[in-house]
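Novice: Okay, sequence plus prediction incoming.
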Amino acid sequence: MKRIIVFVYGLISYVAFLIAFLYAIGFVGNLLVPKSINMGVEVPLATALLINLGLLSLFAIQHTIMARPNFKKAWTKIIPEAAERSTFVLVTSLILLLMFWKWQPMTELVWNLEGTTGGMIVTVLFWIGWAIVFTSTFLINHFELFGLAQITRFLQKKEFTPPPFTDKGYYKFVRHPIMLGFIISFWATPVMTYGHLLFAGMTTGYIFIGTLVFEEKDLRDYYGDVYTEYSKRVPSLIPFTKFGNK
């Protein structure tokens, strides 16, 4: 019964991820969602700024703490180890949905490229970014990344073995293509408002700090010399440069 409960819990967490992921595309792109980044009743700019910074900070704190190995080690003393990744995915998804719900529009324009060639170009880049994000998850292990592999093995009473290190596909050109895809998608918009600029700027800053400071250390500790050698020849976030090479 415990294994079945964990399996169902993991499936629910994955569904929450799919909802949050798909809504994120509509939210950032102002597409087919009831509330996007530029929609809603406007409040005073200072109030909107404080609320939005609080939402972004909540996501950053949760994401940083729950992704750390020491937290995972302590957390799995409370919950089954097979449910650890699913819990991370569920909490992250719920916080994202909270952000989308409570985000305050700041609609002053930074640029507007609608109806221009430039607008068409950035729209294409927007979709390319999301395509990079999604396909990158399968180049490593999509089902392990979102907890499905762990709960399936647990249900089958099999020991879970994390996937080996890989540098195929996008990973030949950049160490963190998922994060690169997010950056492209967040900035590639034909209509850039103050609110969108805040969202893109803060998430990009968090991606750089979280990736270069925290995740890189975790990956080196986990993969050892293999990742150290990899990081010397492949840039972290900007392809065809030496950015982040160590």
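Specialist: Yes, it's here. Numbers count the residues shown, from 1 in each chain.
Novice: Now do the SS call for the closest residue to residue 104 other than its chain neighbours.
Specialist: Once flanking residues are discounted, residue 104 sits nearest to residue 48: 3.7 Å by C-beta to C-beta, 6 or more residues apart in numbering. No exception for glycine: its C-beta is placed from N, CA and C like everyone else's. Secondary structure, DSSP: H, G, I helix; E, B strand; the rest coil: residue 48 is helix.
Novice: show me the contacts for residue 48.
Specialist: The contact partners of residue 48, by C-beta atoms under 8 Å, 6 or more residues apart in numbering, come to 42, 104, 105, 106, 195.
Novice: Same question for residue 237.
Specialist: Contacts of residue 237 by C-beta under 8 Å, 6+ apart are 174, 175, 176, 179, 180, 183, 207, 208, 211, 212, 243, 244.
Novice: Check the secondary structure at it for me.
Specialist: When classified by three-state DSSP, residue 237 comes out as coil.
Novice: what's the lengthiest helix in the chain packed up against?
Specialist: For the chain, the helix that runs over the most residues, judged by DSSP state H, is helix 2-29. If you count contacts as 3 or more C-beta pairs under 8 Å, 6 or more residues apart in numbering; DSSP states H and E, helix 2-29 packs onto helix 84-102, helix 117-140, helix 148-155, helix 177-187.
Novice: model confidence over that helix, on average?
Specialist: With pLDDT averaged residue by residue, helix 2-29 scores 96.
Novice: and residue 246, what pLDDT?
Specialist: Residue-level confidence at residue 246 comes out at 68, pLDDT.
Novice: give me every residue that touches residue 206.
Specialist: Neighbours of residue 206 in contact, by C-beta under 8 Å, 6+ apart: 56, 60, 63.
Novice: rerun at 10 Å
Specialist: Applying C-beta atoms under 10 Å, 6 or more residues apart in numbering to residue 206 gives the contacts 56, 57, 59, 60, 63, 64, 179.
Novice: excluding its backbone neighbours, what's nearest the last one?
Specialist: Same thing as residue 179. residue 207 (4.8 Å).
Novice: Distance from the helix or strand harbouring the one you found to the middle of the chain?
Specialist: With secondary structure defined by DSSP states H and E, residue 207 is part of helix 194-209. Chain-centre distance of helix 194-209: 13 Å, with C-alpha atoms, centre = their mean, to the nearest Å.
Novice: Quick check: next helix or strand after that helix?
Specialist: Going down the chain from helix 194-209, the next helix or strand is helix 216-223, by DSSP H and E.
Novice: Look at residue 162 and report its pLDDT.
Specialist: You'll see residue 162 listed with a pLDDT of 72.
Novice: same deal with the one 4 residues further on?
Specialist: Predicted confidence (pLDDT) at residue 166: the value is 84.
Novice: In this structure it contacts residue 140, no?
Specialist: Yes. If you go by C-beta atoms under 10 Å, residue 166 and residue 140 touch, sitting 6.0 Å apart.
Novice: Show me which of the two is the more surrounded one.
Specialist: Per other C-beta atoms under 10 Å, whichever of residue 166 and residue 140 has more neighbours is residue 140, with 17 against 12.
Novice: returning to that earlier point: and the helix holding residue 207, which residues are buried?
Specialist: 194-200, 202-204, 206-208 (16 or more other C-beta atoms under 10 Å).
Novice: what do you get for stretch 214-226?
Specialist: Result for stretch 214-226 [16+ other C-beta under 10 Å]: buried residues 215, 216, 219, 220.
Novice: Tell me where the model's unsure across the chain.
Specialist: For the chain, the stretches flagged by pLDDT under 70 are 244, 246.
Novice: is it true that residue 166 lies in a helix?
Specialist: No. Counting by three-state DSSP, residue 166 is not part of a helix but coil.
Novice: Understood, closing this out.
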